[in-house]
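# could you work out the structure for the sequence below:
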Amino acid sequence: MPSSSTSIQECILWGLVRAVKDSTGIEEEVVEKYIIEGKIRIAPTPDPRMGDYGVALHIVFKNYPRDKWEEIGSLIARKLLEYSAEECRLRNTLYVNGYINVEVDYSTIFKSFMESLLSGKLLSELRSIGSGKNIVVEHTSANPVHPLHIGSGRNSVIGDTYARLLKYLGFNVVRLFYVNDLGRQVAVLAYGVSKLRSQGIVPGPGLKIDHWHGIVYALTNIFIEEDRVAHELGMLSLELNKLLEELENTLQGLAGEADSPALKKLYSKIHILASKTRLKHDTVKILGELIKELRHQSEGGERLPGILNEYSRRVGELATRYRELYKEYIDYVKAKSTLCRDYHEICRGLQQGFRGYEDAEREISEIMKKAEGGDPEVRRFLRDISGNVLRGFIETLEKINIGFDGFDYESSDEVLELSKNIVDEVVKTGYTRIVDGAVEVDLNKAGEENEYVRSLFHPDQPGRFIIRRWDGTTLYVTRDIAYTLIKFKRYNAKRVYNVIAVEQARAQKQLRAVLYLLGYKREADNLVHFSYEMVHLKNMRMSGRRGIYYTMDELLMDMEDSIVGRSIEGSSSFKQEAEGKYIDLRETARMLAVNNVRALLLSVEPGKVLSFDPSKIGSFEHGITVTYGLVRAQSILRKLWGLEPLVETNAARSRSIEIYTSLNTESMEFNTEEKQLLEMLVGYPRVLREAYEYMRPDKLLEYAVELSLFFNRMYEKHRVIGEPDAVKKAVRVLLTVAVFLVLADLAEIMGFYKLKKL
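As a prediction, the model looks like this:
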């Protein structure tokens, strides 16, 4: 039975491959190539009297005289009907002027689909895909140092939707959040928080707790990096002064040969630059002028060209380094100025506790070392800070209907103990070496001897990476190997999905390679990196280290405000002072905003960049479109039967079965809109399978939007409740029931609110 909005067309085309071969002798591979290249095309006919689809066969006839087309085309049409009538639900085929017109038996398709849907057979078949197998989906797992932004929100929505899909398909799914509370980022935040707590500065009621910690993290980073870059610029200034002194001495030695007045500009620039022992905004400009003058002066004299060209090159290299560092410095200065203006108490507290970047780095390293070494006080401190940020995460995620079955901490004894054992086991494989006291895994050597490792990275070299530092501490990748084994063992998982950004692709391959080398071949084969691309915001480059991001909380509120604003503007009767009405509107807008936000973050294939312009937030309505389709289907059934479909789904299903069993299916006829809608509905199982198999949850949204639009188109052109013809009415009611059931399930899978009315 055809199984998607294009599956009838695909079914016809692939049946055509065999029919053409048997009729003309053209090899199947050649016909398939014609189809893939679009040289054999299928499209709906312009007139239903010509059938439902037409297939252009001109490429097949190119080597035959025109008077043979009729004979060959008619043979192909007969063969197509013979081979594909049952599989593709074809009623008739007919050759006409270079085309094969195909008539589809929609009555048979309708009966087969409705029986499967209403009896529950369709759902049982879908549930058999998972058959209760244990699956772990780890997603979000954002570093607990700042609020969730739109980028990490994309991770959350993709991961949650995929987990919901797996559950719908019959898998036993465990959703996990891995709390990275041992890395440098958390240590930086802990350093900043400790400076503030020592002065009695703690989160207040005016700022959500994860947002407060995000500001602390950003400002702490800024203080450290600003001071570090300033120090590097200072060292670069000393290097510059030495080079200028050398250049001046060289020029003085050449004064007898060169035109001294012509070198006055050089001396002037040198003296100006030599006076700038600290950062100056015009240093870069004057360096540029000096390089230009050096190049100009190198055009004269006998010895000058080679000497001045060499100095021009050296000054140019130094100027490039200075320019890059100074730009970085200014970025930090601007970021600090912005944050300190808005969060002066945090800024003041950090400034008072800050003693330079070198002291800060020593304290941060000490925090990391003590935490992994098991210091209980430091562990409690980090767990407390991470827990605070995590509470903010959970609050945000609950707003968009996302929850977890467990939270695992990187700092847990289970992870750390296993990490140490893993290093020892990896050393035994013979694929490690000691580099400056650190243990390095040599995957290049492993790749030479293991096809599995080599194929993981092909065509790239596997490379090398540190698995334990010189001081005995492990790295994130080491602990990730340990946590992967824990996930497989604890939950007896058949497969583990890690929803992680595409930038981590190499690290995920390294993880699988080490699992394989340690003998965990099943785990290596069944660990899946579900990668996704970044979110690109117009006019904003997000940076948690600088406190620049568009948070999920802001996105939700902006979406809600946009919906409320459009609702008020579009309603001539709405008065904002009607408090009750406004409250109802706000609640509806809140749920629609969640649906729209989730739809936005699902709307692009995970492996592609999602570009979004927050200033045009009101133009995105995919979530509203799906919700409207579901609400309209409910409205029809509510008026028809006087029941609430979402609450009394079984009753609606029973009414539908009664209508179906009493329907004279032999007298059914379908108009264009009904055929299109039926083809969409028949495609439901296939869309679910493809979304699962290819890890493409965006296909669910694409399908739901298209189904809603086809349903609305049918409803707007043809009456349902008011249709006088009993058979036509029954068909449209059953199609409406099918749309309701499918959209309700899709809304559940995509984490949408299922509204009853709008």
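
# residue 701 is in contact with residue 603, correct?
Yes: with contact defined as CB atoms under 8 Å, residue 603 and residue 701 form a contacting pair (6.1 Å). Heads up, the C-betas are built off the backbone N, CA and C, glycines and all.

# between the two, point out the one with more neighbours.
Between residue 603 and residue 701, residue 701 has the larger neighbour count (other CB atoms under 10 Å), namely 26 against 16.

# which SSE is that one in?
helix 698-717 (DSSP states H and E).

# list the buried residues of the helix or strand just after that helix.
Counting by DSSP H and E, the next helix or strand C-terminal to helix 698-717 is helix 726-749. Neighbour counts over helix 726-749 (16 or more other CB atoms under 10 Å) mark 728-747, 749 as buried.

# ok, stretch 333-345 next?
Using 16+ other CB under 10 Å as the test for burial, stretch 333-345 gives 335-336, 339-340, 343.

# cool, and stretch 630-643?
630-638, 640.

# same question, stretch 104-114
104-110, 113-114.

# contacts for it?
1-2, 8, 51-53, 88-91, 122, 660, 665-666, 668, 670, 674-675, 678-679, 681-682, 731, 734, 738 (CB atoms under 8 Å, 6 or more residues apart in numbering).

# and those, which of them are buried?
By neighbour count, with 16+ other CB under 10 Å, the contacts of stretch 104-114 hold 1-2, 8, 51-53, 88-90, 122, 660, 668, 670, 674-675, 678-679, 681-682, 731, 734, 738 as buried.

# mind exporting whichever strand or helix holds residue 362 as PDB, just the C-alpha atoms?
Assigned by DSSP H and E, residue 362 falls within helix 357-373. The C-alpha trace of helix 357-373 is given here as PDB (Å, rounded to 0.1, in the frame of the first residue of the first chain):
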ATOM      1  CA  TYR A 357      44.700  36.800  35.500                       C
ATOM      2  CA  GLU A 358      47.700  34.800  36.700                       C
ATOM      3  CA  ASP A 359      46.300  34.500  40.300                       C
ATOM      4  CA  ALA A 360      42.900  33.700  38.800                       C
ATOM      5  CA  GLU A 361      44.200  31.000  36.600                       C
ATOM      6  CA  ARG A 362      46.100  29.400  39.600                       C
ATOM      7  CA  GLU A 363      42.900  29.400  41.700                       C
ATOM      8  CA  ILE A 364      40.800  28.000  38.800                       C
ATOM      9  CA  SER A 365      43.300  25.200  38.200                       C
ATOM     10  CA  GLU A 366      43.300  24.400  41.900                       C
ATOM     11  CA  ILE A 367      39.500  24.200  41.900                       C
ATOM     12  CA  MET A 368      39.600  21.700  39.000                       C
ATOM     13  CA  LYS A 369      42.400  19.600  40.600                       C
ATOM     14  CA  LYS A 370      40.700  19.400  44.000                       C
ATOM     15  CA  ALA A 371      37.300  18.600  42.500                       C
ATOM     16  CA  GLU A 372      38.700  15.600  40.600                       C
ATOM     17  CA  GLY A 373      40.800  14.600  43.500                       C
END
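
# what packs against that helix?
Helices and strands touching helix 357-373, as assessed by 3 or more CB pairs under 8 Å, 6 or more residues apart in numbering; DSSP states H and E, comprise helix 184-197, helix 209-253, helix 376-399.

# in the sheet, who's paired with the residue nearest the centre of the chain?
Nearest residue to the geometric centre of the chain (CA atoms, centre = their mean): residue 532, 3.9 Å. Beta-bridge pairing for residue 532 (DSSP bridges): residue 501.

# now tell me which helix or strand of the chain has the poorest mean pLDDT.
Lowest by mean pLDDT, DSSP states H and E among the helices and strands of the chain is helix 264-274, with a mean of 66.

# what's downstream of that one, the next helix or strand?
Criterion used, DSSP H and E; the element after helix 264-274 is helix 283-297.

# what inclination does that next one have with respect to helix 209-253?
30 degrees (axes from the mean of the first three to the mean of the last three CA atoms, to 10 degrees).

# so which elements touch helix 283-297?
If you count contacts as 3+ CB pairs under 8 Å, 6+ apart, helix 283-297 packs onto helix 264-274, helix 304-342.

# list the buried residues of that helix.
283-284, 286-287, 290-291, 293-295, 297.

# just give me the closest of those residues to residue 515.
Of all those, residue 515 sits closest to residue 284, with 49.6 Å by CB to CB.

# just checking, that closest one touches residue 318?
No: using CB under 8 Å, residue 284 is not in contact with residue 318; the gap is 10.9 Å.

# identify the contacts common to the two.
Joint contacts of residue 284 and residue 318 (CB under 8 Å, 6+ apart) do not exist.

# okay, and which of the buried ones among the contacts of stretch 104-114 map to helices?
8, 88, 122, 660, 674-675, 678-679, 681-682, 731, 734, 738 (DSSP state H).

# tell me where the stretch 451-600 of the chain has strands.
464-468, 495-501, 527-532, 535-537 (DSSP state E, counting those that start in this stretch).

# residues touching the shortest one, excluding its own?
Contact with strand 535-537 is made by 150-151, 154, 550, 609-614, as judged by CB under 8 Å, 6+ apart.

# count of neighbours near residue 204?
When counting by other CB under 10 Å, one arrives at 9 neighbours for residue 204.

# how about it, nearest residue that isn't a chain neighbour?
Leaving aside its chain neighbours, residue 204 sits nearest to residue 212 (7.7 Å; criterion: CB to CB, 6 or more residues apart in numbering).

# number of nearby residues for that neighbour?
23.

# check contacts around it.
Contacts for residue 212 (CB under 8 Å, 6+ apart) come out as 203-204, 346.

# quick one: which of the residues you listed is nearest residue 586?
Nearest member of the contacts of residue 212 to residue 586, counting by CB to CB, is residue 204, at 26.2 Å.

# quick one: the closest one is in a helix?
No: assessed with DSSP: H, G, I helix; E, B strand; the rest coil, residue 204 is coil; it does not lie in a helix.
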